[in-house]
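> Sequence plus the predicted model coming up.
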Amino acid sequence: MRSRSAVVQVGYLVADVERAAREWHAILGAGPFILMPGVHLEYLHRGKPATVAASGALGQAGQLQIELIQQNSPGPSLYRDAIPEGAEGLHHMAIIVGDLDAEVRRMEALGITTAAWIEYGGMRVAHMDTVSHLGFMIELIEESGASDALFEMTRTAVAD
């Protein structure tokens, strides 16, 4: 297991996920995008249970996975922590880590707070609030069969 890897994904909060996927494809040749409408994500937000409704799209730009996220429910969320309502932009850069808990502790020792803990589709993920440091969040994805499958899915779609 690795301790930290290079950036494997960038996540953007967008107003319209289908429009954004078309633009990413037209401008950068990214994609194809796999659309995921109507996702209801239950997670811990700043230590408290939360739910957010969203739609998403996953695609590739070369070796980099692109995640487009459209928040469909009003109010605070792990997405609005970085990008205010009505705005679009870079939400996170993701890295895969071998020991998620150890990497979270390392970042917290640097004074970085954990914005969200997510367990979804067999994956464990932590969003670290580096907005005041870097201008976006860092998404830590625990290395697992589920995370490997997620990244392989988009790479395969591009190859096909």
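Cool, got the structure.
> Name the single longest strand found in this structure.
Under DSSP state E, the strand in the chain containing the largest number of residues is strand 48-61.
> quick one: contacts for the residue nearest to the spatial centre of the chain?
Closest residue to the average C-alpha location of the chain: residue 11 at 4.9 Å, with CA atoms, centre = their mean. Contact analysis of residue 11 by CB atoms under 8 Å, 6 or more residues apart in numbering lists 67, 68, 69, 90, 91, 92, 93, 94, 139. Just so you know, the C-beta spots here come from the backbone N, C-alpha and C atoms, and that holds for glycine as well.
> which other helices and strands contact the helix or strand bottoming out on mean pLDDT in the chain?
Taking mean pLDDT, DSSP states H and E as the measure, the chain has helix 145-159 as its least confident helix or strand, at a mean of 79. Using 3 or more CB pairs under 8 Å, 6 or more residues apart in numbering; DSSP states H and E, the elements in contact with helix 145-159 are strand 34-45, strand 48-61, strand 123-129.
> so of the ones you listed, which one's packed in deepest?
strand 123-129 (a mean of 21; mean count of other CB atoms under 10 Å).
> If you average the pLDDT over stretch 92-103, what comes out?
Taken as a whole, stretch 92-103 carries a mean pLDDT of 96.
> Okay, buried residues for the least confident helix or strand of the chain please.
In terms of neighbour count (16 or more other CB atoms under 10 Å), helix 145-159 has its buried residues at 147, 150, 151, 154.
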